[in-house]
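Engineer: Output the structure for:
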Amino acid sequence: MKWNQAITDYKNYLRIERGLSINSIENYCYDIKKLIKYLEEHSLTESPISIENTVIKDFIYSVSKNINPRSQARLISGLRNFFDYLIFENYRDTNPLDLIESPRIGRKLPDTLSVKDIDNLINAIDLSYQYNGVNLGERNRAIIETLYSCGLRVSELINLKISDLFFEEGFIKVTGKGNKQRFVPIGPSTQKFINIWISIRNHIEIQPNSKDVIFLNFKGKKLTRAMIFTIIKKLVETTGINKTVSPHTFRHSFATHLLENGADLRAIQMMLGHESITTTEIYMHVDRSHLSEVLNKFHPRK
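Structural biologist: Residues are numbered from 1 along each chain as shown. I've put the predicted structure just below:
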């Protein structure tokens, strides 16, 4: 088996059996391609079936000199998953990464925006901003409001469709990781801002494959993940907020603010689309004072 064939088969497995998105599949295969490049640069002829632990160790050592422990751990995990797949398909008997340990790392949580930070970012949006006659200021406000009010991942936001809006019922349908769908509540104010943008969107010449997509650029095409990052980066620069802010920061802030205001952890888990509540618990830095309040309020022997 050659490397190209192994990657193709692995991608099909991730797409069909695991139900992963295109972005996730590319991330899984990124480190495999780095390994292939390393083999080529060192004139090594090992195949996916024949490659041994010593070669993998040398590769990881050469790469690890230029990346942090978190990236090292991701590299090792990605390669281990690939070779586990080859074992699963009976191409190999052993995993060459079995004796390679990942570096110990703490879980890094993103910065959390305060409610005041959120307000400042939204107020900093120039609602009169137009490009090629299209009011993108209203679009940008609807984007930030939706990210924060619904706790969406950036991939979920850019793929949100008009047919996913159930405003009369107060919900939107979100397609998350592994194409799993969930319904997330959406408040009246966020509905209003989305409707304002849709009324503008309806006057754009929309590309055929984006007819149902809510958030578009001035050319009528679906926005990219990079564009959402750019919009947020410019807003942060305008407001002077001294935090690392990404689309995920709004999701994290959504969950944290709900928890701090007394929301049930199970309900937050469902809205975030986490399979395990353990993920939700780790994902949020639980406020100790909030836990004390819960104990004092609900425990019979407080």
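Engineer: Now do the same for His252: helix, strand or coil?
Structural biologist: Under DSSP: H, G, I helix; E, B strand; the rest coil, His252 falls in the helix class.
Engineer: Contact partners for the closest residue to Thr224 other than its chain neighbours?
Structural biologist: With sequence-adjacent residues excluded and distances taken as C-beta to C-beta, 6 or more residues apart in numbering, Thr224 is closest to Ile158, at 7.0 Å. No exception for glycine: its C-beta is placed from N, CA and C like everyone else's. Going by C-beta atoms under 8 Å, 6 or more residues apart in numbering, Ile158 touches Val213, Phe215, Lys222, Leu223, Thr224, Arg225, Ile228.
Engineer: Tell me where the stretch 201-302 of the chain is predicted with low confidence.
Structural biologist: Counting by pLDDT under 70, the stretch 201-302 of the chain has low-confidence residues at 278-279, 281-295, 299, 301-302.
Engineer: Which residue, other than its chain neighbours, is closest to Thr280?
Structural biologist: For Thr280, the spatially nearest residue (C-beta to C-beta, 6+ apart) is Gln269, at 4.3 Å.
Engineer: Can you tell me the element the one you found falls in?
Structural biologist: helix 265-272 (DSSP states H and E).
Engineer: What residues sit buried inside that helix?
Structural biologist: Using 16 or more other C-beta atoms under 10 Å as the test for burial, helix 265-272 gives Ile268, Gln269, Met271, Leu272.
Engineer: Let me have those residues in TSV, extended by distance to Thr175.
Structural biologist: Below are the buried residues of helix 265-272 laid out as TSV (distance: C-beta to C-beta, whole Å):
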residue	distance to Thr175
Ile268	19
Gln269	17
Met271	14
Leu272	14
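Engineer: Could you work out the most separated pair of those?
Structural biologist: For the buried residues of helix 265-272, the maximum inter-member distance is 7.4 Å, found between Gln269 and Met271 (C-beta to C-beta).
Engineer: quick one, helices of the stretch 51-200 of the chain?
Structural biologist: Applying DSSP state H, counting those that start in this stretch to the stretch 51-200 of the chain gives helices spanning 53-64, 69-88, 115-123, 136-150, 154-158, 188-201.
Engineer: quick one: buried residues of whichever helix or strand comes after the last one?
Structural biologist: Think helix 188-201. Next along the chain after helix 188-201, taking DSSP H and E as the criterion, comes helix 225-239. Within helix 225-239, the residues scored as buried using 16+ other C-beta under 10 Å are Ile228, Ile231, Ile232, Leu235, Val236, Thr239.
Engineer: now, which of these sits nearest Leu136?
Structural biologist: The closest of the buried residues of helix 225-239 to Leu136 turns out to be Ile231 (C-beta to C-beta; 8.9 Å).
Engineer: Find the nearest non-adjacent residue to that closest one, please.
Structural biologist: The shortest distance from Ile231 to any non-neighbouring residue, by C-beta to C-beta, 6+ apart, is to Asn140 (5.5 Å).
Engineer: Was I right to think the one you found contacts Thr230?
Structural biologist: No. Counting by C-beta atoms under 8 Å, Asn140 does not reach Thr230; the two are 10.5 Å apart.
Engineer: circling back to that earlier point, list only buried entries from the contacts of Ile158.
Structural biologist: For these, buried by 16+ other C-beta under 10 Å: Val213, Phe215, Lys222, Leu223, Ile228.
Engineer: Now the residue nearest the centre of the chain, what are its backbone angles?
Structural biologist: Using C-alpha atoms, centre = their mean, the residue of the chain that lies closest to the mean C-alpha position is Arg153, 4.8 Å off. With angles defined as degrees, to the nearest 10, Arg153 sits at phi -70, psi 160.
Engineer: List the residues that contact it.
Structural biologist: Neighbours of Arg153 in contact, by C-beta under 8 Å, 6+ apart: Gly176, Lys177, Pro247, His248, Arg251, Gly273.
Engineer: thinking again about what came up before, where does the helix holding Gln269 sit relative to the chain's centre, distance-wise?
Structural biologist: Computed by C-alpha atoms, centre = their mean, to the nearest Å, the chain-centroid distance of helix 265-272 equals 17 Å.
Engineer: okay, the angle between it and helix 136-150?
Structural biologist: Inter-element angle recorded for helix 265-272 and helix 136-150: 150 degrees (by axes from the mean of the first three to the mean of the last three C-alpha atoms, to 10 degrees).
Engineer: one step back: how about the contacts of Arg153 in a markdown table, adding neighbour count and distance to Pro185?
Structural biologist: Shown next, in a markdown table, are the contacts of Arg153 (neighbours: other C-beta atoms under 10 Å; distance: C-beta to C-beta, whole Å):
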| residue | neighbour count | distance to Pro185 |
| --- | --- | --- |
| Gly176 | 19 | 15 |
| Lys177 | 17 | 20 |
| Pro247 | 22 | 19 |
| His248 | 14 | 20 |
| Arg251 | 22 | 15 |
| Gly273 | 21 | 13 |
